[in-house]
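1. dropping a prediction and its sequence here:
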Amino acid sequence: MDTLKREVLSQRVRKVKPSGIRKFFDIINTMPEVISLGVGEPDFVTPEHIRQAGIRSIELGHTRYTSNYGILELREEIAAMLQRRYGLIYDPKTEVLVTVGVSEGVDLAMRTLVDPGDEVISPDPGYVAYEADIIFAGGEPVPVPTYAKYDFGVRADEIAAAITPRTKMILIGNPNNPTGAVVAKAELEGIAKLAIERDVLVAIDEVYSRLVYNAEHISIAAMPGMRERTVLLDGFSKAYAMTGWRIGYVAAPANILEAMLKVHQYAIMCAGTAPQEAALEALRHGEADVQMMHDDYARRRRMFVDGLNRIGLACCEPRGAFYAFPSIEVSGMTDEEFAEKLLFEEQVAVVPGSSFGANGRGYIRCAYCTAFDKLAEALVRMERFLKKYS
């Protein structure tokens with residue numbers, strides 16, 4: 001058979017390295033006794049009344065396309081919620097778009113707003129998809145390092161130092177995946193001031209906004225002068241334990257959202273109908289579920305982070321999401337070596353910090369959204385592992 005002599009894959013695809021997380025997921029699936037701290041997914045099942053709303057949608061025959069924007073009732077509830085939480089006013093008809101998870105929202109923002117050669121600043125370590133989405137859009141990722149001594153919070157002065165005439169956007173996850181960092185109000189104000197002065201856009205991924213501990217979540221979109229230059233991204237996966245339903249949303253000025261809709265129309269058409277109706281139920285009647293899960297994660301967080309520090313894995317305080325990001329310097333191993341040995345020798349799965357950026361080297365991400373007793377057992381196994389190699 002003749003083979004193509006030219007390069008088949010696009011330069012953009014070749015430029016993006018495979019996800020470091022997926023490799024471990026594939027191995028984990030072959031190990032039934034493993035305690036997985038690798039998957040960033042709630043161990044809660046979607047609450048019963050939300051599941052029933054999705055079932056009802058199917059039983060009623062609601063199996064057709066919705067508006068490209070999404071079901072209007074859902075968009076109205078999203079807009080009302082954003083006004084209650086932040087005082088932000090969005091027109092549900094033209095400024096709210098329902099997406100297939102926040103992942104689609106990030107991709108839409110990059111493809112809609114980034115031209116080839118544009119630079120997009122984003123904290124390092126950060127969510128694995130950010131760099132890839134920037135590259136797929138033809139942009140240039142500009143990582144800004146964050147540090148354990150600042151609890152991995154991104155700082156305005158370091159973003160300022162990274163801005164050039166080619167900077168188009170600042171992309172931030174707040175709270176952060178993988179570190180659990182929450183951007184301090186003063187730093188958010190500094191970033192907002194920078195965005196206005198330097199005339200750059202901000203895309204803010206707030207999918208963990210309901211999982212903030214001992215503080216109230218602040219959205220940069222609500223700061224003076226920021227609504228018109230901010231793309232707000234959020235969804236239902238984490239707060240409502242709805243990862244498999246794949247429902248997120250974008251709130252943005254009408255001119256930006258209309259352009260994002262254009263990409264969404266051709267790529268996706270619309271999010272699933274039953275998941276949208278389940279999300280509507282979640283917003284209307286799911287507040288008690290959110291609070292219950294938040295409080296349970298807070299209990300796990302306290303036990304697990306204290307345990308990591310006790311066994312010698314120095315870990316700063318994660319103030320949001322459900323991840324701990326301890327240093328493994330004491331082991332003398334690389335983060336990849338540590339994760340691999342821990343998996344095969346003690347059957348505990350974690351993710352190497354370098355999967356999330358160069359500044360994640362020497363750390364591991366541990367998701368504490370698994371059961372309390374499993375977290376306790378994981379600490380026992382990790383302590384035994386450390387004693388073996390120290």
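-> Thanks, I have the structure now.

2. what is the subsequent helix or strand relative to the top helix by length along the chain?
-> Ranked by residue count, the top helix of the chain under DSSP state H comes out as helix 287-311. Once the chain leaves helix 287-311, the next helix or strand it forms, by DSSP states H and E, is strand 323-324.

3. need the residues that contact the following helix or strand past that next one.
-> Using DSSP H and E, the helix or strand that follows strand 323-324 in sequence is helix 335-346. Identification of contacts with helix 335-346 by CB atoms under 8 Å, 6 or more residues apart in numbering yields 20, 24, 27-28, 31, 34, 328, 331, 333, 348-354, 360-364, 381-382, 384-385, 388-389. The C-beta positions use only the backbone N, C-alpha and C, and glycine is treated the same way.

4. surely T66 is in contact with P275?
-> No. Using CB atoms under 8 Å, T66 makes no contact with P275, being 10.3 Å away.

5. quickly find the element holding L232.
-> Going by DSSP H and E, L232 is in strand 230-235.

6. just V202 next, same as before
-> V202 belongs to strand 201-205, assigned by DSSP H and E.

7. what helices or strands is the strand holding L232 leaning on?
-> Using 3 or more CB pairs under 8 Å, 6 or more residues apart in numbering; DSSP states H and E, the elements in contact with strand 230-235 are helix 101-113, strand 201-205, strand 248-251.

8. so in that sheet, which strands flank it, and in what orientation?
-> Paired with strand 230-235 in the same sheet, following DSSP bridges, are strand 201-205 (parallel), strand 248-251 (antiparallel).

9. now do the longest one: distance to the chain's middle.
-> In other words, strand 201-205. 12 Å (CA atoms, centre = their mean, to the nearest Å).

10. can you check stretch 102-120 too?
-> Taking mean C-alpha positions (CA atoms, centre = their mean), stretch 102-120 and its chain are 15 Å apart.

11. before we move on, the earlier item: between the strands paired with strand 230-235, which one is closest to Q52.
-> strand 248-251 (21.6 Å; CB to CB).

12. could I get the closest one in CSV with only the CA atoms?
-> Provided in CSV are the C-alpha atoms of strand 248-251 (Å, rounded to 0.1, in the frame of the first residue of the first chain):
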residue,chain,number,x,y,z
GLY,A,248,-21.4,24.5,31.1
TYR,A,249,-22.1,28.1,30.1
VAL,A,250,-20.5,31.3,28.9
ALA,A,251,-21.6,34.8,30.0
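
13. now Y363: closest residue in space that isn't a chain neighbour?
-> Closest residue in space to Y363, ignoring its immediate chain neighbours: G353 at 3.3 Å, by CB to CB, 6 or more residues apart in numbering.

14. swap in A192?
-> Leaving aside its sequence neighbours, A192 sits nearest to M223 (CB to CB, 6+ apart; 4.4 Å).

15. which residue sits closest to L201, ignoring its sequence neighbours?
-> According to CB to CB, 6+ apart, the nearest residue to L201 is M169 (4.4 Å).

16. and the helix or strand containing the one you found with helix 101-113, angle?
-> Assessed by DSSP H and E, M169 sits inside strand 167-173. Angle, strand 167-173 to helix 101-113, by axes from the mean of the first three to the mean of the last three CA atoms, to 10 degrees: 180 degrees.

17. okay, strands next: where are they in the stretch 1-150 of the chain?
-> 35-36, 96-99, 119-124, 140-145 (DSSP state E, counting those that start in this stretch).

18. give me the low-pLDDT residue ranges for this protein?
-> The model of the chain has pLDDT under 70 over residues 1-5, 20-24.

19. how is it carved up into domains?
-> Domain segmentation of the chain under automatic domain parsing yields 11-46+288-389, 64-285.

20. show residues contacting the strand holding V202.
-> Residues outside strand 201-205 that contact it (CB under 8 Å, 6+ apart): 102, 105-106, 109-110, 113, 127, 168-174, 191-192, 195, 219-221, 226, 229-234.

21. can you list contacts of the strand holding L232?
-> Contacts for strand 230-235 (CB under 8 Å, 6+ apart): 82, 88, 99, 101-102, 105-106, 109, 113, 201-207, 209, 219-221, 247-252, 256, 260.

22. so how far is it from its chain's centroid?
-> 11 Å.

23. same deal with stretch 52-70?
-> 26 Å.

24. can you count the residues close to the nearest residue to E187 once chain neighbours are set aside?
-> Spatial nearest neighbour of E187, excluding adjacent residues (CB to CB, 6+ apart): A156 at 5.2 Å. For A156, the neighbour count with other CB atoms under 10 Å is 19.

25. cool, I55 as well?
-> 13.

26. please apply the same query to E140.
-> 16.

27. repeat for the one 10 residues further on
-> Other residues within reach of Y150 by the criterion other CB under 10 Å amount to 14.

28. ok, and the closest non-adjacent residue to E317?
-> D151 (6.1 Å).

29. quick check on that neighbour: phi, psi?
-> phi 60, psi 30 (degrees, to the nearest 10).

30. related to what we said a few turns ago, pretty sure the residue nearest to E187 sits against I191.
-> Yes. A156 is within contact range of I191, at 4.9 Å (criterion: CB under 8 Å).

31. no further questions, thank you.
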